[in-house]
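>>> With the input below, show me the fold.
(one chain, ligands or ions: 1)
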Amino acid sequence: MFVQIENLQYQYKNTSELTIKDFSLNIEKGETIAILGESGSGKSTLLRLIAGLEIPQSGLISINGIKFVDDRTFVAPEKRGIGMVFQDYALFPHMTVEKNIKFGLRSMTRRKKQERIEEMLTLVNLADYKKRYPYELSGGQQQRVALARALAPAPSLLIFDEPFSNLDASLQVKIRDDLRAILKQTGITSIFVTHDQADAKALADRIVYIEKGVVQHIMSLNSGVKSPKVYC
Ligand SMILES: Nc1ncnc2c1ncn2[C@@H]1O[C@H](COP(=O)(O)OP(=O)(O)OP(=O)(O)O)[C@@H](O)[C@H]1O
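All right, here's what the predicted structure looks like:
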């Protein structure tokens, strides 16, 4: 299995019960997983654990055979090769679109970096916007920059926390369609958290319903693991 999560448990300090009681999930390479659950069910906490922003009390997380967390191991977030896209885009306001995308690119020649930036701009359909600042873009365009920035270093896994909730309804559908096309094109493995059943159905190969950090059930929407990777 490409992503392996076993018996994850997590409790925030100063709380009386586990937020993630016992979470296990295997994900195939190229799959898109939606995590759906009510407010407070632990969706964002789960993403934070996968990203390495919180340390579980117990359990295992591994990606592509590399253990990130178990009893004896903890790999720091910046070494996990996980791309993150947040609800509020989290772009650097003082940097242009181009510089935002460039930010995560390391150990590449200048020329390679520029090529990668151009490739990402084309992928998210923002080639004409590279000199703009985030405040000069619409919400949907900012979200596409955030996606390009997350994809640029060729992460092994992409995680999204409520990526559409700041967008108005008509834009949500458009961005959702764009995102689906981009995920298919790149073949990247991804996990996104949402409250919205329609978003989950439109994007995911499987929907994982959680409550109090435990999987309630899993719905498969297609057998589809996507076409081979092109960009990552
Ligand atoms: N830093 C924290 N300290 C203590 N408790 C926290 C902290 N962050 C979240 N929690 C609690 O953990 C539980 C799960 O929160 P989490 O944000 O993971 O839920 P969620 O399913 O993503 O909710 P939402 O859909 O509303 O964003 C909630 O009860 C929340 O109050």
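
>>> Which strands or helices does the longest helix seen in the chain pack on?
Counting by DSSP state H, the longest helix found in the chain is helix 169-186. With contacts taken as 3 or more Cβ pairs under 8 Å, 6 or more residues apart in numbering; DSSP states H and E, helix 169-186 sits against helix 110-123, helix 139-151, helix 197-203. C-beta coordinates here come from the backbone N, C-alpha and C atoms, glycine included.

>>> Find the one among those helices with the highest mean neighbour count.
Highest mean neighbour count of these: helix 139-151, a mean of 24 (counted as mean count of other Cβ atoms under 10 Å).

>>> can you tell me the helix or strand for the closest residue in space to Ile5 that isn't next to it in sequence?
In space, and not counting its chain neighbours, Ile5 is closest to Leu25: 4.8 Å by Cβ to Cβ, 6 or more residues apart in numbering. Using DSSP states H and E, Leu25 maps to strand 20-27.

>>> Just list what that strand packs against, helices and strands only.
Using 3+ Cβ pairs under 8 Å, 6+ apart: strand 20-27 touches strand 3-10, helix 43-51, strand 214-220.

>>> circling back: got the angle between the longest helix of the chain and helix 110-123?
For helix 169-186 against helix 110-123, the angle by axes from the mean of the first three to the mean of the last three Cα atoms, to 10 degrees is 130 degrees.

>>> Around the ligand, pick out the residues from this protein.
Taking Cβ under 6 Å from any ligand atom as the measure of proximity, the chain contacts the ligand at Tyr12, Thr15, Thr19, Gly37, Ser39, Gly40, Ser41, Gly42, Lys43, Ser44, Thr45, His195.

>>> Return the residues in contact with the residue nearest to Ile5.
By Cβ atoms under 8 Å, 6 or more residues apart in numbering, Leu25 lies in contact with Val3, Ile5, Ile33, Val208, Val215.

>>> The fourth one should be in a strand, yeah?
Same thing as Val208. Yes - under DSSP: H, G, I helix; E, B strand; the rest coil, Val208 sits within a strand.

>>> measure stretch 46-56 end to end?
10 Å (Cα to Cα, to the nearest Å).
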